[in-house]
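In: Model the following, please.
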Amino acid sequence: MRVLVLGGSWFVGRAVVADAVRRGHEVTVFNRGVSQAVVPDGVRQVTGDREVLADLRTLARRGPWDVAIDVAGSVPAVVQRGATVLADVAERCAFVSTISAYRDWPHAPVDETSTLWAGDPSADPATRRWEPDAYGPLKVGCEVACQAAFGERRLLTLRPQVVLGPYEYVGRLPWWLSRLRRGGQVLAPAPDRDVQPVDVRDLARFLVRCVEQEAVGVFNVAPRSRAATFGNMLRACLAAVAEDAEHPVELIWADEDWLVGQGVTQWTELPLWRNAAAPWSMNTDRAHETGLHCRPLAETVADTWAWLRAGGRAVAHQRFAEHGMAPDREALLIRRWLAAHPHPAEGPVPPAI
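Out: Numbering: from 1, shown residues only. Next up, the predicted model:
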């Protein structure tokens with residue numbers, strides 16, 4: 001197939017390009033070239049800015065393509081312009097959205113029929129900074145823009161859970177790996193709480209194969225629920241960093257409600273932790289029935305640490321600095337917790353999955 005990837009150098013896009021090349025497709029990437037990522041052999045790179053209409057028109061003259069894959073569009077007005085231009089030179093569109101598109105997430109389980117946020121396909125927030133409260137509605141606006149340009153019969157939409165793996169630039173899993181490598185007493189939440197992140201390579205492989213099968217419609221993308229727990233994840237992190245650990249690790253499991261009462265910022269200070277009813281309750285039956293395969297979480301963890309250990313560096317992004325807890329604050333919270341619970345019942349960490 002002739003595949004156009006908008007982006008293709010950061011994280012999800014990099015994995016999509018690699019998988020498409022591996023499967024023998026003719027790949028073009030369109031990006032600004034600012035990340036200085038090395039384009040794989042045989043990939044055609046067109047340099048330009050998707051926010052500049054003239055650049056989009058120049059790109060269109062390099063077509064046609066069987067599919068245009070948008071892995072990172074987050075500003076509806078920008079996605080709308082690009083989709084409108086590319087609809088004449090691409091047979092189909094694949095758009096990577098997010099679980100945040102669902103209005104009830106993380107407070108209720110979601111499937112592909114769950115209610116979405118209202119989305120305006122012409123919206124432009126006039127800022128390109130990360131805004132967590134706006135992210136879901138903006139992504140829905142992008143979905144609407146793609147559907148308006150391509151129609152339902154030419155559009156594939158993927159809504160992944162949290163995406164982890166090598167080249168992650170958000171910094172969630174890298175923070176936990178680095179923190180456990182440092183050792184000592186580590187504040188940890190909810191060992192038995194389910195987690196459901198998807199490996200970036202599994203997301204990319206599923207996307208490319210859906211494109212090959214000319215699949216359309218919406219697919220939630222993640223492992224099946226209850227496949228792993230927070231305890232599994234942290235034990236996998238401990239195993240990954242064992243040879244490099246600076247000090248022995250003692251996991252201090254603190255009650256979730258107590259952490260909330262102490263003002264711990266959910267999702268960021270303790271990355272991937274959220275004290276809500278259903279942050280990891282995404283139904284993914286449709287994707288698994290269509291061929292999604294998700295590797296064990298421990299493999300994602302080990303491969304991410306191997307990448308970091310070898311000097312891997314993600315694209316610099318503002319979100320990276322949001323994740324993690326300052327050492328002095330963590331130590332203070334641990335002292336408070338242990339003072340109130342002098343005999344903490346850590347219990348065994350569940351086996352890695």
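In: Please count neighbours and contacts with C-alpha atoms only from this point.
Out: OK.
In: Spit out the contact partners of the closest residue to residue 246 other than its chain neighbours.
Out: Nearest non-adjacent residue to residue 246, counting by CA to CA, 6 or more residues apart in numbering: residue 182, 5.3 Å away. When contacts are counted by CA atoms under 8 Å, 6 or more residues apart in numbering, residue 182 is found next to 245-247.
In: any weak-confidence spans in the stretch 251-353 of the chain?
Out: By pLDDT under 70, the weakly predicted segments of the stretch 251-353 of the chain are 343-353.
In: Break down it into its helices, ranges please.
Out: If DSSP state H, counting those that start in this stretch is used as the criterion, the helices of the stretch 251-353 of the chain fall at 256-261, 285-289, 297-309, 327-340.
In: now could you export just the CA positions of the helix or strand where residue 235 lies as PDB?
Out: Per DSSP states H and E: residue 235 is located in helix 230-241. Only the C-alpha atoms of helix 230-241 are listed here, as PDB (Å, rounded to 0.1, in the frame of the first residue of the first chain):
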ATOM      1  CA  PHE A 230      -0.400  -1.700  39.600                       C
ATOM      2  CA  GLY A 231       1.500  -4.200  41.700                       C
ATOM      3  CA  ASN A 232       2.400  -6.200  38.600                       C
ATOM      4  CA  MET A 233       3.700  -3.100  36.900                       C
ATOM      5  CA  LEU A 234       5.900  -2.000  39.800                       C
ATOM      6  CA  ARG A 235       7.200  -5.500  40.300                       C
ATOM      7  CA  ALA A 236       8.100  -5.600  36.600                       C
ATOM      8  CA  CYS A 237       9.900  -2.200  37.000                       C
ATOM      9  CA  LEU A 238      11.800  -3.600  40.000                       C
ATOM     10  CA  ALA A 239      12.900  -6.600  37.900                       C
ATOM     11  CA  ALA A 240      13.900  -4.400  35.000                       C
ATOM     12  CA  VAL A 241      16.200  -2.100  37.100                       C
END
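In: What residues sit buried inside the helix ranked longest in the chain?
Out: Using DSSP state H, we find that the single longest helix of the chain is helix 132-150. Using 16 or more other CA atoms under 10 Å as the test for burial, helix 132-150 gives 135-150.
In: Same check on stretch 76-91?
Out: For stretch 76-91, a neighbour-count test (16+ other CA under 10 Å) marks 76-87, 89-91 as buried.
In: hmm, who's touching it?
Out: Contact with stretch 76-91 is made by 50-51, 53, 56-57, 60, 63-68, 73, 93, 120-124, 138-139, 141-142, 145-146, 149-150, 154, as judged by CA under 8 Å, 6+ apart.
In: What about these, which are in strands?
Out: Counting by DSSP state E, the contacts of stretch 76-91 place 65-68, 93 in strands.
In: Wasn't residue 247 part of a helix?
Out: No. Per DSSP: H, G, I helix; E, B strand; the rest coil, residue 247 lies outside any helix segment and is coil.
In: Make sure it is actually in contact with residue 186.
Out: No. Using CA atoms under 8 Å, residue 247 makes no contact with residue 186, being 11.3 Å away.
In: out of the two, which sits in the busier spot?
Out: Legend: neighbour count by other CA atoms under 10 Å for residue 247 and residue 186, higher for residue 186 (19 against 13).
In: The most centrally placed residue in the chain bridge partners, please.
Out: In the chain, the C-alpha nearest the mean C-alpha coordinate belongs to residue 163, at 2.8 Å (CA atoms, centre = their mean). Beta-bridge pairing of residue 163, defined through DSSP bridges, involves residue 198.
In: Return the residues in contact with it.
Out: 197-200.
In: How about residue 177?
Out: Residue 177 makes contact with 237-238, 240-241, 305, according to CA under 8 Å, 6+ apart.
In: between these, which is nearest residue 15?
Out: residue 305 (17.1 Å; CA to CA).
In: so what's that closest one closest to, chain neighbours aside?
Out: residue 240 (6.5 Å).
In: ok, that neighbour touching residue 301?
Out: Yes. The pair residue 240 / residue 301 is scored as a contact, 7.1 Å apart, by CA under 8 Å.
In: what number of residues lie near the nearest residue to residue 109 once chain neighbours are set aside?
Out: Distance criterion CA to CA, 6+ apart; nearest residue to residue 109, sequence neighbours excluded, is residue 281 at 4.8 Å. Residue 281 is flanked by 22 other residues according to other CA under 10 Å.
In: For residue 281, give me phi and psi.
Out: As for residue 281, its main-chain torsions (degrees, to the nearest 10) stand at phi -120, psi 70.
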